[in-house]
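Participant: give me coordinates for this.
(chains A, B, C and D, ligands or ions: 6)
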Amino acid sequence: MLQENLTVVSQRQLTADVFELTLQGKMATTDPVAGQFVDVKIPDSSHLLRRPFGIAQVDAAKSQLRLLYRTVGQGTAALSQVTAGTRLDTIGPLGHGFPTDFLQAGQHALIIGGGTGIPPLYALSRQLVAQGVEVTHAIGFGRQQQIFYEQEFRELGAVHYATDDGSYGFHGHIGLLLDAQFADAEFDAVYACGPRGLLMAVNNRYREHPHAYVSLESRMACGVGECYACVVPAQADPTKMYKVCDDGPVFATGEVAI
Amino acid sequence: MLQENLTVVSQRQLTADVFELTLQGKMATTDPVAGQFVDVKIPDSSHLLRRPFGIAQVDAAKSQLRLLYRTVGQGTAALSQVTAGTRLDTIGPLGHGFPTDFLQAGQHALIIGGGTGIPPLYALSRQLVAQGVEVTHAIGFGRQQQIFYEQEFRELGAVHYATDDGSYGFHGHIGLLLDAQFADAEFDAVYACGPRGLLMAVNNRYREHPHAYVSLESRMACGVGECYACVVPAQADPTKMYKVCDDGPVFATGEVAI
Amino acid sequence: MNRLAVTLPGLKLKNPIMPASGCFGFGQHYAEFYDLNRLGAIIVKAATLKPRIGNPTPRVAETTSGMLNAIGLQNPGVTAIMTEKLPWLAEHYPDLPVIANVAGSTESDYVEVCRQISTAVNVHAIELNISCPNVAHGGLEFGTDPQSAYALTKACKAVSQVPVYVKLSPNVTDIRVIARAVEAAGADGFTLINTLVGMQIDLKTRQPLLGNRTGGLSGPAIKPVAVRLINQVHQISQLPIIGMGGVMTAEDTLELMMAGASAVAVGTANFDNPQACPDIINALPSVMDHYHIADLPSLINEMAVTAV
Amino acid sequence: MNRLAVTLPGLKLKNPIMPASGCFGFGQHYAEFYDLNRLGAIIVKAATLKPRIGNPTPRVAETTSGMLNAIGLQNPGVTAIMTEKLPWLAEHYPDLPVIANVAGSTESDYVEVCRQISTAVNVHAIELNISCPNVAHGGLEFGTDPQSAYALTKACKAVSQVPVYVKLSPNVTDIRVIARAVEAAGADGFTLINTLVGMQIDLKTRQPLLGNRTGGLSGPAIKPVAVRLINQVHQISQLPIIGMGGVMTAEDTLELMMAGASAVAVGTANFDNPQACPDIINALPSVMDHYHIADLPSLINEMAVTAV
Ligand SMILES: Cc1cc2nc3c(=O)[nH]c(=O)nc-3n(C[C@H](O)[C@H](O)[C@H](O)COP(=O)(O)OP(=O)(O)OC[C@H]3O[C@@H](n4cnc5c(N)ncnc54)[C@H](O)[C@@H]3O)c2cc1C
Ligand SMILES: Cc1cc2nc3c(=O)[nH]c(=O)nc-3n(C[C@H](O)[C@H](O)[C@H](O)COP(=O)(O)OP(=O)(O)OC[C@H]3O[C@@H](n4cnc5c(N)ncnc54)[C@H](O)[C@@H]3O)c2cc1C
Ligand SMILES: Cc1cc2nc3c(=O)[nH]c(=O)nc-3n(C[C@H](O)[C@H](O)[C@H](O)COP(=O)(O)O)c2cc1C
Ligand SMILES: Cc1cc2nc3c(=O)[nH]c(=O)nc-3n(C[C@H](O)[C@H](O)[C@H](O)COP(=O)(O)O)c2cc1C
Ligand code: FES
Ligand code: FES
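Facilitator: Ligands and ions are numbered 1, 2, ... in the order given. From the prediction side, this is the model:
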């Protein structure tokens, strides 16, 4: 866990509200596990809480890491204004990422993502492909214009899109896509990140799967496990609390109440 | 009185803590009176109060105006970081400047300044010279390294410097310089801007002078005359309050209690 | 239909935005920036019976995302206000509803100012300032003690020709106690919040920076306190609330209305941006669209139902 | 001589800086950023008699230059704290003074936790949290009523092996009344301020964003309120004060000390910058030079004299 001023290498707008930010620093050489995240200080002094973002890509050779984020509020709006050369105070890598050690080359993983849940899944997919694992992606968006990183995912394995309005791929939300196309497919591992509805669907569908994982979001303050802001109760015991920032953000299905 | 996003043309560091900021916009074509000021929004959202600065120079042909300021706190420190192209939300020109209409070509004015009180005096001196008035400057600084705009003032008329530590010009504060060198000189007009001690000295010395003026500073909120933050009592009647932003910042000697 | 129009006792407003008392004077200089007819109303600077010269300077200090002020109710007194300030507004902006902010040291001061000022043609309502933290007898005693608040409100109500809104202080253990007293005394509405008491120390002198030592904290820094107190009062009373405290944007305006306000006053934001009020008014329709708010009366009704 | 060293009842501190309760847990994860021995002391997260699961999420919200929290005193209970958390600190940082923050719903809860936790080897003082705004019975009743504050303090003092500091709430009409009661009950010092009650509304749902509806406002937004209340308590009592509220920098630290604090706790700033405490400690000497402060005890003495 480091605190470092990362240098903005480039910022690129991908859709109406999604940006790709490439950052450089020592943090990118520590080889984070896919699913870990960074916590970025917004460069405006009236914002005190850092913003968590999944690490979408690491290039340790260049000491670069990449974030993909959607502008949803003031913090991400300010972030979208920063230009190359700016230094961003960042802590990371944080949390526990997706377990992948158990997978063998030639095995098959299903990656399920929605909207801005896909950044850590891209890192994961690259890591799995590097391990020789076959990867299938099921990715949901509201509508076609919101899709980003299509080419990048297609280069790693099969990609099935679902859009709420049917403008691209399967018409309907991702749960329906899973029902329609993956009902009896068997995967050695299942990974998901995305909106709460998606995570609930995956959590229910793959509750008994021995290697199914969901990555959660939660409002954070410290980001490092000391303030108890980001908790989520255990599914089996609502009096036991997990910290998303520290025990998560990745949990096995059935572990926490989503 | 305008509110306008002025564009930063250039920023130049003059001394360890004094900067020259050149701004462009319509405001610079309205030909402010020397002694008027602008109120600049600091480009960081945690700073709500604008910062007042005297207008040091106007080039109406280029629609440019120039500020000279010292970094004393967080706001001016932030300002010193802005680079060409930045837009600065500015209101102005504000307040009442130095009266000069009564002066005829060939008459003689004394300009007394100290530290960062000199910016509006530079605008004044240029205006007077353009009117054909002869100008003598008496300018105080702490020490030689703090002096800025020496060449600029020398081009307009005689300049007498006083430094507190004697490192340049007269050794001692400006009041002593006035005693030593201007005790029986007669001027058709006297103008002063600078620290409180300087203004008090000038206010006392030239109380009976028919055309002696001092420019004051005061903490402001609105900057336009509606909040009563910046008041100063009348010298003759402490229950009568003048507003520095609106009735001033320039007052005749003897008018207000400094 | 005008989506922004709201109606409160004495006030038919074309939009819910008005400058807050003390942050806009009587508007003359702001009229150089824009047409004051754009405003829903204007709450003018406090009037006291006698002229007041206010506190020693410095009277303001900047704080992080806020400011402290200790102006000390400087004003020319009710007579000058009625012969100079209000007539200027009446002449130039005859259709602009004025809310007169009334302050004083004693109950009889308040009563006399209310009696007089409520007769001005353009004064549509009174804001009884029982919460000024910046003068020794500036009404804060009335604002922190339910008995005094009750008596003062009742007395002022009795002599006022227009509805009386009582301005509540946030500097209390339980604002509901004061709100209930004021409501029982016949107030027509509430305005809140006034400033929180604060202090800044000048590290160079090691002394309080403000001439008055303490001042009132305002601006976005205090908005969460305002939202909470507005909501708390809204939960126990049906009286309309003019909300204020840290409003800078159309979003902030809607947040205060969702907390329970029926109209919103803008104070400190005027210093940050002299065109804050018209900017907010301009932005409201599209921000309302974004949050699926058809019009403000329906939002107010919805919040009135959910509060119960 | 160490210019930064300060001494308070039970606490010989090499510098005046300590993390505030709830903003640093028990320090384990912050220890990955820096050596906790750099700190003057550490105020650990609230301990209650039984484990507490805390409030529903969301538990935090950002506000302008501040934040709201409604964690709701989640903690594993005093037994787990004494068998796991405090021993970890004692093992890794045997010289780091710990101040144990104690909370509860009933007087007997508080007393029992004080009795137990004050026996831990590394607990040098207790901070009695009678001002948590975020749980229904989190002590705020004790913190707003002088009689209850008196009784509670006296009872806790009677069983505690270490000095007891009482943490005061800013959510009161007159903090001096509570401070006097607590002092009369035998408290060894004060800590202040706890958070101001605030609320944020989610414009999308039109409902309070926090699971608990309201939360405690902290951060630089509230610093002026902290400075004022510290100063107000300092003026009426000789007891030492550990000040807190919005401290981000060495300058802020000195401002709170000039207001009357003898040491300073840093809360929200840890979230903004995990190295906030060591950064402040590093900056203090040069900032003290700038303001001609030879050492902190002389500053504290100077302020004690001028307060009278
Ligand atoms: C572990 C983790 C990984 C994430 N990875 C990504 C990613 O790769 N790409 C991406 O676009 N988004 C990601 N998010 C969501 C992202 O953090 C929020 O969209 C962002 O914080 C919003 O900031 P804002 O200032 O624009 O929004 P505002 O709504 O103005 O933020 C206000 C406050 O709420 C918090 N907040 C708002 N939405 C969320 C949210 N969904 N989750 C957590 N906190 C929130 C903010 O951090 C801030 O403290 C991730 C969240 C978590 C917890
Ligand atoms: C009419 C007028 C003209 C001025 N012209 C110039 C000029 O040409 N060049 C120059 O360098 N300075 C000038 N000043 C002073 C300048 O405004 C302050 O130095 C500046 O506001 C300090 O801001 P800060 O954030 O760096 O300091 P901080 O101390 O952090 O500011 C805190 C608050 O105090 C106010 N403040 C601090 N010092 C002063 C001061 N001396 N006068 C008024 N407000 C103050 C700030 O505006 C801000 O609201 C002028 C002031 C006035 C009133
Ligand atoms: C400079 C200044 C002067 C004020 N004067 C008054 C006043 O005369 N009467 C009054 O009731 N409130 C006064 N207030 C309080 C405001 O009307 C308002 O209640 C408070 O500032 C909170 O709103 P804001 O955060 O939008 O500024 C004043 C506030 C400021 C900043
Ligand atoms: C997330 C969070 C949790 C807190 N938990 C506690 C607590 O358990 N006990 C307590 O006495 N104060 C608690 N506080 C209050 C702080 O200790 C401190 O009094 C307050 O935040 C003001 O300081 P600051 O502005 O530096 O944060 C908490 C504050 C925050 C932000
Ligand atoms: S954000 Fe602080 S514990 Fe997770
Ligand atoms: S600063 Fe508002 S009246 Fe001068």
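
Participant: and the longest strand that chain C contains, how far out from the chain middle?
Facilitator: Longest among the strand segments of chain C by residue count, using DSSP state E, is strand C:123-129. With C-alpha atoms, centre = their mean, to the nearest Å as the basis, strand C:123-129 stands 9 Å off its chain's centre.

Participant: what is the burial count for the residue of chain C found nearest ligand 4?
Facilitator: Residue of chain C nearest ligand 4, by C-beta to the nearest ligand atom: C:Thr64 (10.8 Å). No exception for glycine: its C-beta is placed from N, CA and C like everyone else's. Using other C-beta atoms under 10 Å in any protein chain shown, C:Thr64 is surrounded by 27 other residues.

Participant: what packs against the longest helix along chain A?
Facilitator: Longest helix in chain A, counting residues (DSSP state H): helix A:118-130. Packing partners of helix A:118-130 (3 or more C-beta pairs under 8 Å, 6 or more residues apart in numbering or on different chains; DSSP states H and E): strand A:51-54, strand A:57-59, strand A:64-70, strand A:108-114, strand A:134-141, helix A:150-154, strand A:189-193.

Participant: go again with 7 Å.
Facilitator: Under the contact criterion of 3 or more C-beta pairs under 7 Å, 6 or more residues apart in numbering or on different chains; DSSP states H and E, helix A:118-130 touches strand A:51-54, strand A:57-59, strand A:108-114, strand A:134-141, helix A:150-154, strand A:189-193.

Participant: to C:Ser169, which of these lies closest?
Facilitator: Relative to C:Ser169, the nearest member of these by C-beta to C-beta is strand A:51-54, separated by 35.8 Å.

Participant: and that closest one, which strands flank it?
Facilitator: Applying DSSP bridges, strand A:51-54 is found paired with strand A:37-40 (antiparallel).

Participant: what mean pLDDT does the partner strand have?
Facilitator: Computed over strand A:37-40, the mean pLDDT rounds to 98.

Participant: one more: stretch C:9-27?
Facilitator: Taken as a whole, stretch C:9-27 has a mean pLDDT of 98.

Participant: how far does that stretch sit from the chain's center?
Facilitator: 8 Å.

Participant: list the buried ones in it?
Facilitator: C:9-11, C:13-27 (16 or more other C-beta atoms under 10 Å in any protein chain shown).

Participant: could you do stretch C:92-106 as well?
Facilitator: C:Tyr93, C:Leu96, C:Pro97, C:Val98, C:Ile99, C:Ala100, C:Asn101, C:Val102, C:Ala103, C:Gly104, C:Ser105.

Participant: from these, which shows the smallest pLDDT?
Facilitator: C:Ser105 (89).

Participant: next, that one: secondary structure please.
Facilitator: coil (DSSP: H, G, I helix; E, B strand; the rest coil).

Participant: now the end-to-end length of stretch A:229-248.
Facilitator: 13 Å (C-alpha to C-alpha, to the nearest Å).

Participant: nope, stretch C:72-89 is what I meant
Facilitator: In terms of C-alpha to C-alpha, the two terminal residues of stretch C:72-89 are separated by 24 Å.

Participant: do stretch C:247-267 as well
Facilitator: Stretch C:247-267 end-to-end distance (C-alpha to C-alpha) = 8 Å.

Participant: chain center to that stretch: distance?
Facilitator: Using C-alpha atoms, centre = their mean, the offset of stretch C:247-267 from its chain centre is 12 Å.

Participant: next one: stretch A:99-118
Facilitator: 11 Å.

Participant: what does stretch C:164-184 give?
Facilitator: That offset, for stretch C:164-184, works out to 14 Å (C-alpha atoms, centre = their mean).

Participant: is any residue of it near ligand 3?
Facilitator: Yes - judged by C-beta under 6 Å from any ligand atom, stretch C:164-184 comes into contact with ligand 3 through C:Lys167.

Participant: low pLDDT regions in chain C?
Facilitator: Along chain C, segments meeting pLDDT under 70 span C:135-139, C:307-308.

Participant: where exactly do the strands run in the stretch 151-258 of chain A?
Facilitator: In the stretch 151-258 of chain A, the strands defined using DSSP state E, counting those that start in this stretch lie at A:158-163, A:170-171, A:189-193, A:212-215, A:231-233, A:241-243, A:250-252.

Participant: wait, which of those is closest to C:Gln238?
Facilitator: Nearest to C:Gln238, of all the strands of the stretch 151-258 of chain A, is strand A:231-233, at 38.1 Å by C-beta to C-beta.

Participant: in the closest one, what counts as buried?
Facilitator: A:Val231, A:Val232, A:Pro233.

Participant: ok, now stretch A:209-225?
Facilitator: A:209, A:211-225.

Participant: and if you look at stretch C:285-298?
Facilitator: Residues of stretch C:285-298 classed as buried by neighbour count (16+ other C-beta under 10 Å): C:Val287, C:Met288, C:Ile293, C:Asp295, C:Leu296.

Participant: does that stretch reach chain D?
Facilitator: Yes - shown here: stretch C:285-298 in contact with chain D (C-beta under 7 Å from any C-beta of the partner chain) through C:Tyr291.
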